[in-house]
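K.L.:
Fold the following for me, if possible:
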Amino acid sequence: MTKKYFGTDGIRGRVGDTPITADFLLKLGWATGRVFAEEGHGFVLVGKDTRISGYMFESALEAGLTAAGVDTRLLGPMPTPGIAYLTRTLRASAGIVISASHNPYYDNGVKFFSVQGTKLPDEIEKKIEHYIDSSMTTVESSKLGKAKRLVDAAGRYIEFCKASVPSGLDFKGLRIVIDCAHGATYHIAPHVFSEVGAEVVTIGAEPDGLNINDECGSTRPEKLAETVLEYRADLGIAFDGDGDRVIMVDHKGEIVDGDELIYIIAKSRLKSGQLSGPVVGTLMTNLGMEHGLKKLGIDLMRAKVGDRYVMEMLTINNGILGGENSGHIICLDRTTTGDGIIAALQVMAEMQSSGKNLYELKSGMQKYPQVLVNVKTSKKVDPDKDESIQKAVKSIEKKLGDTGRVLLRASGTEPLIRVMVEGQSEGLVKEYANYLAGDVKKAIGA
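P.N.:
So this is what the prediction gives:
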């Protein structure tokens with residue numbers, strides 16, 4: 001089902017460039033309102049992260065929804081998974097998130113949640129697009145929507161996060177450092193982790209509208225690692241700008257990525273008898289995680305890159321746990337979408353119940369070296385259908401055997417072919433990746 005405006009995760013781009021403009025967001029709000037007014041629904045929630053353009057787009061969406069005759073509840077800065085939770089528990093028609101996740105402040109976007117706290121169905125997105133391309137009208141004045149702020153939104157979500165771990169579990173004695181990326185978790189995460197008993201040191205919690213994700217957060221965890229060592233903390237936790245991703249740091253200052261965190265949670269769920277279905281990763285999930293899970297008797301399934309595809313595969317196969325090495329982790333036995341705070345709490349719960357530190361917990365999985373080479377291309381190429389490229393791939397796969405993996409895929413956003421090789425030997429992996437990239441260049445005439 002081809003869509004004109006919606007991508008795999010809403011609509012995103014640079015602020016001021018179409019479609020991330022005030023006039024488009026006004027029309028988007030109105031179109032969304034028209035669709036849900038037709039369905040006879042009540043109000044729509046609108047939340048945002050901390051980037052400066054959020055004020056402008058919040059006002060534009062509110063005006064559009066009001067013109068369509070739909071009531072709005074404004075949440076202010078709120079993590080994306082928090083908006084999903086509130087949409088579900090308040091039984092709103094939909095939740096709208098103004099965020100560009102881990103992108104810099106000059107980008108922004110809009111994504112939606114259904115009344116179930118999941119992504120909107122394709123048919124609803126298509127209806128919204130239909131109205132975006134229609135002339136905007138305003139309902140009769142007595143039927144205009146009303147807007148008000150939901151003042152207890154943060155408190156509701158904080159309590160939900162705390163309830164994702166057993167109430168009897170004691171986190172006293174744990175010293176943790178939290179990096180909020182100057183984003184939407186800045187006023188949420190410190191409360192959650194201190195209220196479950198941990199001693200909390202907070203960095204990246206002074207948003208000014210321009211510093212979101214700037215040299216901090218889950219995409220740049222180096223400052224977090226330094227702070228963990230400085231304070232001799234037990235672990236560090238880094239979120240991205242909208243709080244749906246998490247990367248952790250152990251007491252030695254070593255970064256623990258999404259694959260390792262998923263492995264720890266999977267092992268914990270298996271031990272407690274709570275794991276069902278396969279664990280779902282992506283095409284980029286480290287082979288070491290697959291092998292580590294296999295030793296535990298847990299199947300790994302690989303979806304296309306993107307949390308939407310992970311969610312689809314989990315749903316089809318009755319799984320409860322999946323995610324990406326970037327730290328987008330979905331625990332469907334706790335919530336309906338990727339949630340950085342809840343994923344971090346599950347890892348901390350396993351630390352306390354097992355008596356092991358984060359370094360020890362991740363040691364059951366041996367990450368394999370992974371080398372990614374981008375090959376620029378001036379034309380659209382499908383590497384799966386090029387005979388010379390496939391011949392080179394098979395040659396490398398034969399040399400690697402069961403101890404490695406090759407992946408070639410065309411980028412969906414840039415004119416690139418991504419060449420990825422992983423295996424046990426870093427030297428060989430680099431050699432094979434560069435060799436294969438050279439073969440790809442020859443085949444496409446680059």
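K.L.:
which residues of the protein fall in helices?
P.N.:
For the chain, the helices defined by DSSP state H occupy 22-38, 53-67, 80-89, 122-132, 153-162, 189-195, 222-230, 258-271, 287-295, 307-316, 340-354, 358-362, 387-400, 426-444.
K.L.:
what's the most buried one of these?
P.N.:
helix 80-89 (a mean of 26; mean count of other Cβ atoms under 10 Å). For the C-beta atoms, the positions are set from N, CA and C on the backbone; glycine is no exception.
K.L.:
I'd like the average pLDDT over that helix.
P.N.:
Computed over helix 80-89, the mean pLDDT rounds to 97.
K.L.:
For that helix, list the C-alpha coordinates in PDB.
P.N.:
Listed in PDB are the C-alpha atoms of helix 80-89, where the atom choice follows Å, rounded to 0.1, in the frame of the first residue of the first chain:
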ATOM      1  CA  THR A  80       7.300   8.500  22.900                       C
ATOM      2  CA  PRO A  81       6.500   5.300  24.800                       C
ATOM      3  CA  GLY A  82       4.900   7.400  27.500                       C
ATOM      4  CA  ILE A  83       2.500   8.800  24.900                       C
ATOM      5  CA  ALA A  84       1.800   5.300  23.700                       C
ATOM      6  CA  TYR A  85       0.900   4.300  27.200                       C
ATOM      7  CA  LEU A  86      -1.300   7.300  27.900                       C
ATOM      8  CA  THR A  87      -3.100   6.900  24.600                       C
ATOM      9  CA  ARG A  88      -4.000   3.400  25.600                       C
ATOM     10  CA  THR A  89      -4.900   4.000  29.300                       C
END
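K.L.:
tell me the angle of it relative to helix 340-354?
P.N.:
100 degrees (axes from the mean of the first three to the mean of the last three Cα atoms, to 10 degrees).
K.L.:
Can you list the neighbours in contact with helix 80-89?
P.N.:
45, 47, 49, 75, 78, 92, 94-97, 99, 101, 111, 113-118, 150, 153-154, 156-157, 160, 184, 188, 242-244, 335-342 (Cβ atoms under 8 Å, 6 or more residues apart in numbering).
K.L.:
Drop anything exposed from these.
P.N.:
The neighbour-count test (16 or more other Cβ atoms under 10 Å) marks 45, 47, 49, 75, 78, 92, 94-97, 99, 101, 111, 113-115, 117-118, 150, 153-154, 157, 160, 184, 188, 242-244, 335-342 as buried among these.
K.L.:
Look up how far residue 419 lies from residue 377.
P.N.:
12 Å (Cβ to Cβ, to the nearest Å).
K.L.:
For the helices of the chain, give me TSV that also has distance to residue 237.
P.N.:
Output for the helices of the chain, formatted as TSV (distance: least, Cβ to Cβ, whole Å):
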stretch	distance to residue 237
helix 22-38	32
helix 53-67	24
helix 80-89	15
helix 122-132	33
helix 153-162	12
helix 189-195	8
helix 222-230	8
helix 258-271	10
helix 287-295	20
helix 307-316	19
helix 340-354	5
helix 358-362	10
helix 387-400	35
helix 426-444	28
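K.L.:
Of all those helices, which one is nearest residue 14?
P.N.:
helix 53-67 (10.0 Å; Cβ to Cβ).
K.L.:
list the helices and strands the closest one packs on?
P.N.:
Here helix 53-67 touches helix 22-38, strand 43-48, strand 71-77, strand 94-98, strand 107-113, strand 147-149, going by 3 or more Cβ pairs under 8 Å, 6 or more residues apart in numbering; DSSP states H and E.
K.L.:
swap the cut-off to 7 Å and go again
P.N.:
Packing partners of helix 53-67 (3 or more Cβ pairs under 7 Å, 6 or more residues apart in numbering; DSSP states H and E): helix 22-38, strand 43-48, strand 71-77, strand 94-98.
K.L.:
Now render these as CSV, adding distance to residue 54 and mean pLDDT.
P.N.:
As requested, the helices and strands packed on helix 53-67 are exported to CSV (distance: least, Cβ to Cβ, whole Å; pLDDT from 0 to 100):
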stretch, distance to residue 54, mean pLDDT
helix 22-38, 11, 95
strand 43-48, 4, 97
strand 71-77, 8, 97
strand 94-98, 5, 97
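K.L.:
From residue 56, how far out is residue 348?
P.N.:
Taken as Cβ to Cβ, the span from residue 348 to residue 56 is 37 Å.
K.L.:
surely residue 434 meets residue 373?
P.N.:
Yes - counting by Cβ atoms under 7 Å, residue 373 is a contact partner of residue 434 at 6.5 Å.
K.L.:
Now do the contacts for residue 245.
P.N.:
102, 218, 239, 326-328, 340 (Cβ atoms under 7 Å, 6 or more residues apart in numbering).
K.L.:
mind redoing it with 8 Å?
P.N.:
101-102, 218, 239, 258, 326-329, 338, 340.
K.L.:
what does residue 334 give?
P.N.:
164, 342, 346.
K.L.:
tell me which of these is nearest to residue 274?
P.N.:
Using Cβ to Cβ, the contacts of residue 334 come closest to residue 274 at residue 346, 10.5 Å.
K.L.:
which residue is nearest the centroid of this structure?
P.N.:
residue 328 (3.9 Å; Cα atoms, centre = their mean).
K.L.:
Quickly note the distance from it to residue 6.
P.N.:
19 Å.
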